[in-house]
Each structure stands twice: as C-alpha cells, then as structure tokens.
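J.: need the 3D shape of this:
(2 chains)
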Protein chains: 2
Amino acid sequence: MAAPVIILVEPQLVENIGMTARAMMNTGLSELRLVDPRDPWPLGEVHQQRMAAASSGADEILQNAKIFATLEEAIADLQFIYATTSRTHDMVNRIMTPRAAIPDMIARAAQGQKVGVMFGRERTGLVNDYIVHANAKITIPLNPEFASLNLAQAVLLIGYEWYQAQDQTPADYIHTGNSMPATREEYLNFYHRLEAALDEGGFFVTKEMRPTMTRGLQNTLQRAAMTEQEIRTWHGVLSALLGIPKRGQGKA
Amino acid sequence: MAAPVIILVEPQLVENIGMTARAMMNTGLSELRLVDPRDPWPLGEVHQQRMAAASSGADEILQNAKIFATLEEAIADLQFIYATTSRTHDMVNRIMTPRAAIPDMIARAAQGQKVGVMFGRERTGLVNDYIVHANAKITIPLNPEFASLNLAQAVLLIGYEWYQAQDQTPADYIHTGNSMPATREEYLNFYHRLEAALDEGGFFVTKEMRPTMTRGLQNTLQRAAMTEQEIRTWHGVLSALLGIPKRGQGKA
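T.: This next block holds a predicted model:
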C-alpha cells in the first residue's frame, strides 16, 4: 500500500527539508516533493551539506525528492490532498484530526488512490490560494495558546500516526529476553519455600491473620510476573537470607 | 489532573533543552527536570540565548525547570516512572507503546499519583543503570531501520499522545465558519430549480434515463454538504449560466 506523498510548499530552510526527510524515514514515508523551495535546486555544496547534516542519514529520500515550480504541478497526479494547517480559515472546509485522517488515507491507498499531504512554509503556513487545492484540512490538536510547530515536527506527527496505524507492536507486554515467564509450578515452588521459611521464623504471629498475610505476599510476588531466571535468583536470595551456603561454597 | 513530569537525563545541547520546552508547551506539559546537564546551570549568556531561541517562546517552562545532580534526586518524589528507549535491553521489563502508556498515566494521575517520563542523553539514550529506576519502558514504534529520533521529537511524540487523550476536538467535521449548513428545504429549492432548468435545456434525453440521472446529480450535490451561503452562491451561478441578470443589474 502506497504511503502518502509529502509536499512541502515553499520551504525556506534547507535544514527543515533535511529534518523532514529524517522524520519521513523514521515513520516509513518515502516520497517527498518540494514546491518552489527558497534555495534553487540543485543546491550548492554548502546548502547541500547543511541539509544532509539535518537529515541524519535520510539521504535516499532527499535524492529522490522531486522539485516543482508550482503547487498545481506538484499535486497533478494525486487523487486526494490533505492540507495541514493550525489556523482556522474563513473557508468552508472539512477538517480532520491526524488520527481521523490516517484511516481515511489508508482506505484510499488500499483502493489504489494516490494521496498527498501538503505543508506550508515556515511561519506563514499554507495560504488560502493553496488550501483551496485540498480536499480536506488536517489540524493537529495542540495547546491553542502555543500551537506553532516546526515544519519537520508537523511532518513527524503525521508520519507517526501513519506508522502507528500499520504497526503491530504489542501495546503493553513484559519483555523477558532469553528467559521465559516462570510456570505456575516454578512460582509455587519458590512461594512455598518462602512461606515455610517464614513459618519457621515466626512471621505469622496469629493463626487468624495467616490467610490475609499469605494472600498479600502472593499478590505482591505475582504482580512482579517473574521469569524462570528471576525465580532462580530469588531462590538464591532466600538461601542467602537463611544463611544457607551456595553450592560449592564450603563452610569456613 | 497533573501532567507527567519530563526528565532529561544528561542533556548535552542547550538547543535540545529549548526545543523540548517548546514541544512541552505545544502539548500541555509544564514540569521539566534536568539531571546533570552538560553545560553548568545557571547557563552563561550565550547558552541561555541559544536555548531561548530554540524554545520559540516557551520561557515559562525553562524558567521553572529544576536541575538535579543525580537521577535519584530528580525522581525521588515520583510514584511511577516511565523510561523512553528505542533499544531492546537485556533487562526484563514492561514495555509499552506511547498510546498504551498514556491511559496508564492518566489513570495514575487521576488517583493523585505523580508520574514522570525520562529521556536519555542524545546519541546514547538511557543506560541500564538509569532504566532500572523505571517502572516501565516506553518504546515508540518507528521504522526499525531508522528509529533514532531527536531528543525533543521524542518528547513531542509523548506529549502529543498525552494531549490527544485529553482533547475534545471533533475528529472529522465540516467547518462552516459564520454560515450554517443548508437546511433540506434550502438545498431542495436549489436542486429543483437546477432540475427544471435542465429539463428546459433538454438535458434528460430519454424518460427512462431520467431517474438514474437525477439521483446521480443529487448524489454529487449532497456530498458537497453545502452551507446556506454556498447554496445562495450556486443560485447565482445558475442564474448567470441561464443568462438571468443579477438583481439591480439592468440590461444593456
């Protein structure tokens, strides 16, 4: 499925073009188009180096970037165009959040449509004459008292939403590396050993309190969701506290 | 509800501290803590100016930033700490996406817990000795071939998710400015006038095709979801096409 084309309209700073390429690379976007950039293309060596430094290695995107004299040429082959803007314009227009725009983009891309997202120049954003070319506006919900984003950061947020929509990373899990979570048996072997040692040490003062206290201990230990390796470590901790010498460690 | 504290561990560049403040201000975060920043605090004038320029006016956050010599001191009062990291560490740890971490933060903040998110230094990120202080890790899903983010961009993405979770902006709507969407009557008055004019002009060639064609026309017009003001404009368009002079515009 084709990712949306990113269109920078009249970008003023080559650093921002470089940082945009980096943000695109971070988020799986690849096609960059520039409309009438301030510095003439191909760039001179100094500008080229400043852009490359800002891109942190996203050269491929910069090398494949296409330059257009006008917005109309840059978007001629696209079937649906989103305009990012932080301002409320007078025009009647469809306005979406990035989170709502992405499923719309994905549905269009899945149909074979070619879609693009345009970003205006630094400071001024997209003027009405450009916004009229968009089928919908995307406005990123941000602190209304302080909503101005750097150009590449706006691209990053759109790209981020795009990437999240495709991504299959588990939302919340315990990374256990080379070890596996302990089985119930491994866990209970440790717990019963602990409980016996506590009985021995006089921890459970009254018989009446015992069920509440054992439930509490189990509750804490289970919440830790230990791995098999960690259970082994805590067996060692328990042995050390009980004064049991380590295997192979003779008495003095 | 208290927003999460942002903790930058050993930040190396004052520009990144300034850009972090900007990203925080963009996304409704306010409390910034710095652990052992490279440049000694309070900053000299040159560093101060570079940081302020990068913050684009987020002075309030920078003025209230607190500086700590060690991470332990910086997080001593917090009840739950998230560590952002792009690398898979050997340690067994709970790993969340930002999108899953935010509801967790909100639930904790709603209970009155004080929570924080730590970010490591540029290039190296958080080392294991620091990650051990975290209750959970946050890893931002990004292109695994190119996952390195600028420090302030990582803060921006966390802040962005935080802001979205509180935000009530409609996800997808038609902004109509001072005008209201047309009523059904206003719409039908226009449509019937158009249909009558098309009848007059011989547009509906055969009686059999007429229902299909009228449905198609209505379909297009309705999808435009015009405002009352736009309906008036299109009445004018129709009049102009029919050669009807504008009100007050006499014949030559």
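
J.: could I get the full set of helices for chain A?
T.: Under the criterion DSSP state H, chain A contains helices at A:14-26, A:45-55, A:59-63, A:71-74, A:98-110, A:128-131, A:151-166, A:184-200, A:210-223, A:228-241.

J.: got the ones you listed as JSON lines, with mean pLDDT and distance to chain B columns?
T.: Using the backbone N, CA and C atoms, a C-beta is placed for each residue, glycine as well. Below are the helices of chain A laid out as JSON lines (pLDDT from 0 to 100; distance: least, Cβ to the nearest Cβ, whole Å):
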{"stretch": "helix A:14-26", "mean pLDDT": "98", "distance to chain B": "4"}
{"stretch": "helix A:45-55", "mean pLDDT": "97", "distance to chain B": "10"}
{"stretch": "helix A:59-63", "mean pLDDT": "96", "distance to chain B": "10"}
{"stretch": "helix A:71-74", "mean pLDDT": "98", "distance to chain B": "21"}
{"stretch": "helix A:98-110", "mean pLDDT": "96", "distance to chain B": "4"}
{"stretch": "helix A:128-131", "mean pLDDT": "92", "distance to chain B": "11"}
{"stretch": "helix A:151-166", "mean pLDDT": "97", "distance to chain B": "6"}
{"stretch": "helix A:184-200", "mean pLDDT": "96", "distance to chain B": "15"}
{"stretch": "helix A:210-223", "mean pLDDT": "93", "distance to chain B": "11"}
{"stretch": "helix A:228-241", "mean pLDDT": "95", "distance to chain B": "7"}
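
J.: please identify the deepest-packed of those helices.
T.: For the helices of chain A, the largest average neighbour count (mean count of other Cβ atoms under 10 Å in any protein chain shown) is found in helix A:14-26, namely a mean of 26.

J.: which elements pack onto it?
T.: Judged by 3 or more Cβ pairs under 8 Å, 6 or more residues apart in numbering or on different chains; DSSP states H and E, helix A:14-26 is in contact with strand A:5-9, strand A:32-35, helix A:45-55, helix A:59-63, helix A:151-166.

J.: for B:Thr212, find the nearest of these.
T.: Closest approach to B:Thr212 among those is made by strand A:5-9 (35.7 Å; Cβ to Cβ).

J.: now the closest one - C-alpha only, CSV.
T.: C-alpha atoms of strand A:5-9 as CSV (Å, rounded to 0.1, in the frame of the first residue of the first chain):
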residue,chain,number,x,y,z
VAL,A,5,3.3,11.8,-0.7
ILE,A,6,4.7,14.6,1.5
ILE,A,7,4.6,18.0,-0.2
LEU,A,8,6.5,21.0,1.2
VAL,A,9,5.3,24.3,-0.2
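
J.: what's the spacing between the closest residue to A:Asp39 other than its chain neighbours and A:Glu122?
T.: Nearest residue to A:Asp39, sequence neighbours excluded (Cβ to Cβ, 6 or more residues apart in numbering or on different chains): A:His47, at 5.2 Å. Between A:His47 and A:Glu122 the computed distance is 16 Å (Cβ to Cβ, to the nearest Å).

J.: same check on A:Val205?
T.: 70 Å.

J.: likewise for A:Gly18?
T.: 14 Å.

J.: same check, this time on A:Glu228
T.: Per Cβ to Cβ, A:Glu228 is found 55 Å from A:Glu122.

J.: again, but for A:Tyr187
T.: 57 Å.

J.: can you get me a residue count around A:Thr124?
T.: Using other Cβ atoms under 10 Å in any protein chain shown, A:Thr124 is surrounded by 11 other residues.

J.: mean confidence for stretch A:135-147?
T.: Mean pLDDT, computed over stretch A:135-147, is 95.

J.: give me the distance from that stretch to the chain's centre.
T.: Here stretch A:135-147 is found 19 Å from its chain centre; the criterion is Cα atoms, centre = their mean, to the nearest Å.

J.: that stretch: which residues count as buried?
T.: A:Ala136, A:Lys137, A:Ile138, A:Thr139, A:Ile140, A:Pro141, A:Leu142, A:Asn143, A:Phe146 (16 or more other Cβ atoms under 10 Å in any protein chain shown).

J.: briefly note if that stretch comes near chain B.
T.: Yes - shown here: stretch A:135-147 in contact with chain B (Cβ under 8 Å from any Cβ of the partner chain) through A:Lys137, A:Thr139, A:Ile140, A:Pro141, A:Leu142, A:Asn143, A:Phe146, A:Ala147.

J.: any chance of these in JSON lines, plus distance to B:Asn219?
T.: As requested, the residues of stretch A:135-147 next to chain B are exported to JSON lines (distance: Cβ to Cβ, whole Å):
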{"residue": "A:Lys137", "distance to B:Asn219": "24"}
{"residue": "A:Thr139", "distance to B:Asn219": "28"}
{"residue": "A:Ile140", "distance to B:Asn219": "32"}
{"residue": "A:Pro141", "distance to B:Asn219": "32"}
{"residue": "A:Leu142", "distance to B:Asn219": "36"}
{"residue": "A:Asn143", "distance to B:Asn219": "41"}
{"residue": "A:Phe146", "distance to B:Asn219": "43"}
{"residue": "A:Ala147", "distance to B:Asn219": "37"}
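
J.: wait, which of those residues is closest to B:Ala54?
T.: A:Phe146 (14.5 Å).

J.: find the nearest non-adjacent residue to the closest one, please.
T.: Using Cβ to Cβ, 6+ apart and skipping the chain neighbours, the partner closest in space to A:Phe146 is B:Met25 (4.4 Å).

J.: how close does the one you found get to B:Ser55?
T.: With Cβ to Cβ as the criterion, B:Met25 and B:Ser55 are 8 Å apart.

J.: cool, and A:Pro170?
T.: 36 Å.

J.: kindly report the same for A:Gly116.
T.: Applying Cβ to Cβ to A:Gly116 and B:Ser55 gives a distance of 32 Å.

J.: likewise for A:Gln63?
T.: Shown here: A:Gln63 relative to B:Ser55, a distance of 33 Å by Cβ to Cβ.

J.: A:Glu72 now?
T.: Taking Cβ to Cβ, one finds A:Glu72 at 37 Å from B:Ser55.
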